[in-house]
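Asks: My questions concern the predicted model and sequence given below.
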Amino acid sequence: MRFRIFLLLLPLVSGLARAADLPALWAQRLKTVVAVEFYTETETERRPTVAYGTVIDRHGTIILPPVTVNPRVTPSQLKEFKVYRAGGANGVPAAYLGQDALTGWHYVRVEAPLSAELEPITDFAPAKPQEPAMAEDVWGIGLRNKDEDFQPYFLMSRVALIQGLPQRTAIALQEVAGPGLPVFNRAGEFVGLAVSSFGQSFVQFSRLDRSGTPVVLVNVEESSAFQVAAEVLPYLGRVPTNVFGRPLAWLGANGLQPIDPEVAKFLHLENQSAVVVSEVLEGSPAEQAGMKARDILLAIDGQPLPRLKPDRVVVAYVEREIERRVPGATMTLTVLRGDARQEIRCVLGDEPKLTNEAERRYFDRIGLTAREFVYADAVALRVRTSAMGGVIAHFVKPNGPAGVAGLHTDDWIKEIDGVEVKTFAAAAGKLAEIEADPARTEFVLLVSRGGETAVLRVKLR
């Protein structure tokens, strides 16, 4: 009888022992997390940002979530990076390394002596990471705000769902870590990296008419979702070699959409994933390889597209398959065109200049930041590359002369004072000339917006 009672109590004792180890694991894992503070200098303000990051190597390299930096911001606007240990009041200078296109992570590297005090998350990763089991206990770390010295606190939950989005992502019953911070199992092994919190939908009822309005609540300080370790560890070494994350692989198949279920049934594709190409971009590797609009992509390098739910997730899978490669790499694409399958061999190119790489200049008196017209603008405006020219209104100062005249952000400026400006240099020179002339009281802009052209009179006084 005594032996039987011992056997019954053994799992409980074992569980209590593991629970008793958590304080020791907590103290050690705290060295893998940091808070990162930096400033974004815009035309009219200097805005602080705080994000949470995970240490990935012994050189003090840190990854931050994709949403940390506004995509409209150029790296030159990011200033004064500082890294704080959990519970630390003093920051140590750090350098911004850039963003990786595949993972979306921003990379930062902190200087000594703090780098020597941190522990890379790889120290706590098993040799063969296993996906957490349903209902398994997982825990992580949250950090309070700067005014509380980034005080760490403990979060714990259980895995409720695991899904391909397309990365394998676990969703816990409740928040389990701060976005960008690691998640562990009861043994202290690294099992995933928390991603930005998903929105939770609620219905708000009025006392007057009982009508409901959907409301989305997002917890920006904690997350219940995390990408599993197998989706994180292989990519930690993708440290950018420059702040723009180049080289960037480019195919040029635009507007990918999952195939409509009814169309899939008609084409006898109901048992596989497929993606429709809406547009093949001018001059792109896809165009050069012979891809056509309305081609239906079925496989990459002989591997059928995976079945993922919801159907739209397969689009992200295709995009990631391109982003994980480098310019010059070859992709063999199996497409259905009409009723015939074809193999298309594409040599990926280097993506054209990005908007955050484009030249730009702010003119304070006019209240305008002019930005170089790049390939992505031609795609957005649906014009041929031969029509590329002029500049884009990247920023329009509220209540400034350009704004009062009716200029909007992202308007395409084609002429200044009746003179066509074909290059950024020509436009910047003309605007600088106007701004520097104290006697100038007004000038005109010819702009295009939504396919419509307008003449705007900008009054400087």
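Replies: Looks like it came in fine. Worth saying up front: this structure is predicted, and the values here are computed from it rather than measured.
Asks: so who does the closest residue to residue 279 other than its chain neighbours touch?
Replies: In space, and not counting its chain neighbours, residue 279 is closest to residue 254: 4.2 Å by C-beta to C-beta, 6 or more residues apart in numbering. C-beta: built from backbone N, CA, C; applies to glycine. Applying C-beta atoms under 8 Å, 6 or more residues apart in numbering, we find residue 254 in contact with 277, 278, 279, 280, 281, 379.
Asks: so the first one touches residue 258, yeah?
Replies: Put plainly, it is residue 277. No. Residue 277 is not in contact with residue 258 according to C-beta atoms under 8 Å; the separation is 11.8 Å.
Asks: Kindly give a single ChimeraX line that selects the buried subset of the contacts of residue 254.
Replies: The command below creates a ChimeraX selection of those among the contacts of residue 254 that count as buried (16 or more other C-beta atoms under 10 Å):
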select :277,279,280,281,379
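Asks: Can you pick out the most distant pair from the contacts of residue 254?
Replies: Between all members of those, the longest pairwise span (C-beta to C-beta) is found for 277 and 379 and amounts to 14.2 Å.
Asks: among the contacts of residue 254, which are in strands?
Replies: Among those, the residues falling in strands (DSSP state E) are 279, 280.
Asks: What is the three-state secondary structure of residue 230?
Replies: helix (DSSP: H, G, I helix; E, B strand; the rest coil).
Asks: Can you report how many residues lie near it?
Replies: Residues near residue 230, counting by other C-beta atoms under 10 Å, number 16.
Asks: roughly how far apart are it and residue 411?
Replies: Relative to residue 411, residue 230 is positioned 46 Å away (criterion: C-beta to C-beta, to the nearest Å).
Asks: Quick one: the helices in the stretch 51-200 of the chain, in order.
Replies: Per DSSP state H, counting those that start in this stretch, the stretch 51-200 of the chain carries helices over the ranges 114-117.
Asks: can you list the weak-confidence ranges in it?
Replies: Scanning the stretch 51-200 of the chain for pLDDT under 70 picks out 198-200.
Asks: The spatially most central residue of the chain: what's it in contact with?
Replies: Taking C-alpha atoms, centre = their mean as the criterion, residue 66 is the residue nearest the geometric centre of the chain, at 3.7 Å. When contacts are counted by C-beta under 8 Å, 6+ apart, residue 66 touches 99, 103, 104, 105, 106, 196.
Asks: what's the distance between the fourth one and residue 445?
Replies: When distance is defined by C-beta to C-beta, residue 105 is 39 Å away from residue 445.
Asks: same question, the first one
Replies: With distances defined as C-beta to C-beta, the gap from residue 99 to residue 445 amounts to 33 Å.
Asks: Setting the sequence-adjacent residues aside, check what's closest to residue 404.
Replies: Spatial nearest neighbour of residue 404, chain neighbours left out: residue 459 (7.2 Å); criterion: C-beta to C-beta, 6+ apart.
Asks: should've said residue 449
Replies: Nearest residue to residue 449, sequence neighbours excluded (C-beta to C-beta, 6+ apart): residue 411, at 5.1 Å.
Asks: Tell me how many other residues surround that neighbour.
Replies: When neighbours are counted by other C-beta under 10 Å, residue 411 registers 23.
Asks: Return the backbone torsion pair for it.
Replies: Backbone dihedrals for residue 411, given as degrees, to the nearest 10, come out at phi -60, psi 150.
Asks: Kindly report the same for residue 73.
Replies: On the backbone of residue 73 - angles per degrees, to the nearest 10 - the values are phi -90, psi 140.
Asks: Tell me where the stretch 251-400 of the chain has strands.
Replies: Taking DSSP state E, counting those that start in this stretch as the criterion, the stretch 251-400 of the chain contains strands spanning 253-254, 257-258, 275-276, 279-280, 296-300, 303-304, 330-337, 340-347, 349-350, 360-363, 368-372, 391-396.
Asks: Would you confirm that residue 172 contacts residue 159?
Replies: Yes. Distance between residue 172 and residue 159: 5.8 Å, which falls inside the contact criterion (C-beta under 8 Å).
Asks: what do these two both touch?
Replies: Between them, residue 172 and residue 159 have residue 138 as joint contacts when contacts are counted by C-beta under 8 Å, 6+ apart.
Asks: More neighbours: the two, which one.
Replies: Looking at residue 172 and residue 159 with other C-beta under 10 Å, you find the greater number of neighbours at residue 172, namely 27 against 24.
Asks: Now do the contacts for the more buried one.
Replies: Residues 138, 157, 158, 159, 160, 224, 225, 226 are the ones in contact with residue 172 under the rule C-beta under 8 Å, 6+ apart.
Asks: That one - nearest residue in space that isn't next to it in sequence?
Replies: Computed as C-beta to C-beta, 6+ apart, the closest residue to residue 172 that is not its neighbour in sequence is residue 157, at 3.8 Å.
Asks: go on, residue 107?
Replies: For residue 107, ignoring the flanking residues on the chain, the nearest one in space by C-beta to C-beta, 6+ apart is residue 97 at 4.0 Å.
Asks: Then residue 330?
Replies: Spatially, and ignoring its direct neighbours in sequence, residue 330 is nearest to residue 347 (5.5 Å; C-beta to C-beta, 6+ apart).
Asks: my read: that neighbour touches residue 286, true?
Replies: No. Between residue 347 and residue 286 there is no contact under C-beta under 8 Å: 10.4 Å.
Asks: Just the element for residue 433, please.
Replies: Counting by DSSP states H and E, the secondary-structure element that holds residue 433 is helix 424-436.
Asks: Who are the packing partners of the host helix or strand of residue 414?
Replies: Assigned by DSSP H and E, residue 414 belongs to strand 412-416. Based on contacts counted as 3 or more C-beta pairs under 8 Å, 6 or more residues apart in numbering; DSSP states H and E, the elements that strand 412-416 packs against are strand 391-396, helix 424-436, strand 442-449.
Asks: can you redo the ones you listed as JSON lines with mean pLDDT and distance to residue 133?
Replies: Output for these, formatted as JSON lines (pLDDT from 0 to 100; distance: least, C-beta to C-beta, whole Å):
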{"stretch": "strand 391-396", "mean pLDDT": "97", "distance to residue 133": "49"}
{"stretch": "helix 424-436", "mean pLDDT": "96", "distance to residue 133": "55"}
{"stretch": "strand 442-449", "mean pLDDT": "96", "distance to residue 133": "54"}
